[in-house]
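Q: can you look at this prediction? I've put the sequence above it.
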Amino acid sequence: MLTAVITIAVAIAALAIFIASRPNTFRVERSIAINAPADRIFTLIANFHEWPKWSPYENLDPAMKRTYGGNESGQGATYAWDGNAKAGSGRMEILEAAPSSLVRIQLDFTKPFVAHNTAEFALRPSGSGTTVTWAMYGPQAFMNKAMGLVMSMDKLVGGQFEEGLANLKRVSES
């Protein structure tokens, strides 16, 4: 009996050490080539009022409450949402908006879990169009590291980024 308890304790300690040794940050990113000028795409990203046209998160809850604040677009623009279990709730604020090249957003989730991350949209000229990279990165606390053993943040969010970028491409090219 004592041997079994010691074995279980050692296994739990080893698992905790392994989890703690995982990276303290995460990053998810996807890119797409869009046959449109960067300024057209930038306008759709830097103005939260335009997000319903392309963001995959806007359709998670038809009754979602949205609140816009700060500047109309660009640095200082804010957007808060409160929705069902799928949409959750949180707030975004544009921290940096370099015309036609970069939008950096502070992304704070409050439901279904608390998280403080950064979202970034980088726009780079590419031939006659623009390559857009959507990234999200942030700290990874112990519980997030543990959940990462069974659920990858890349798999969880990556498909949604791909859908959003495809929508952004469709809207920008039409």
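A: All right, it came through fine. Residues are numbered from 1 along each chain as shown.
Q: strands of the chain, residue ranges please.
A: For the chain, the strands defined by DSSP state E cover 25-34, 65-69, 78-82, 89-98, 102-111, 115-126, 129-139.
Q: got the contact list for the residue nearest to the spatial centre of the chain?
A: Taking Cα atoms, centre = their mean, the centroid of the chain lies closest to Met136, which sits 4.4 Å from it. Taking Cβ atoms under 8 Å, 6 or more residues apart in numbering, we find Met136 in contact with 27-29, 107, 117-120, 157, 161. (Glycine included, C-beta is placed from N, CA and C.)
Q: residue contacts, Glu120?
A: Glu120 touches 102-105, 133-137, counting by Cβ under 8 Å, 6+ apart.
Q: ok, and the most crowded of these?
A: Among the contacts of Glu120, Val103 has the most neighbours (other Cβ atoms under 10 Å), with 26 neighbours.
Q: I'd say that one and Ile94 touch.
A: Yes: with contact defined as Cβ atoms under 8 Å, Val103 counts as touching Ile94 (6.2 Å).
Q: roughly how far does Lys169 sit from Gln160?
A: With distances taken as Cβ to Cβ, to the nearest Å, Lys169 is found 15 Å from Gln160.
Q: of these two, which one has the most company?
A: Lys169 (20 against 17).
Q: name the nearest residue to that one, ignoring sequence neighbours.
A: Once flanking residues are discounted, Lys169 sits nearest to Ile34: 4.7 Å by Cβ to Cβ, 6 or more residues apart in numbering.
Q: name the residues of the longest helix along the chain that are buried.
A: Using DSSP state H, we find that the single longest helix of the chain is helix 153-173. Buried residues in helix 153-173, counted by 16 or more other Cβ atoms under 10 Å: 153, 157-158, 160-161, 163-165, 167-169, 171-172.
Q: quickly name whichever of these is closest to Asp82.
A: Of all those, Gln160 has the smallest distance to Asp82: 19.0 Å, by Cβ to Cβ.
Q: next, the contact list for the residue nearest to the closest one when sequence neighbours are not counted, please.
A: Closest residue to Gln160 apart from its sequence neighbours, by Cβ to Cβ, 6+ apart: Pro56 at 4.9 Å. By Cβ under 8 Å, 6+ apart, the contact set of Pro56 is 160, 163-164, 167.
Q: where are the low-confidence patches of the protein?
A: By pLDDT under 70, the low-scoring segments of the chain are 14-21, 142-146, 148-150.
Q: still on that earlier bit, tell me the buried residues within the contacts of Met136.
A: Among the contacts of Met136, those classed as buried by 16+ other Cβ under 10 Å are 28, 107, 117, 119-120, 157, 161.
Q: go ahead and confirm Leu44 touches Ser55.
A: No: Leu44 sits out of contact with Ser55 when judged by Cβ under 8 Å, with a separation of 9.5 Å.
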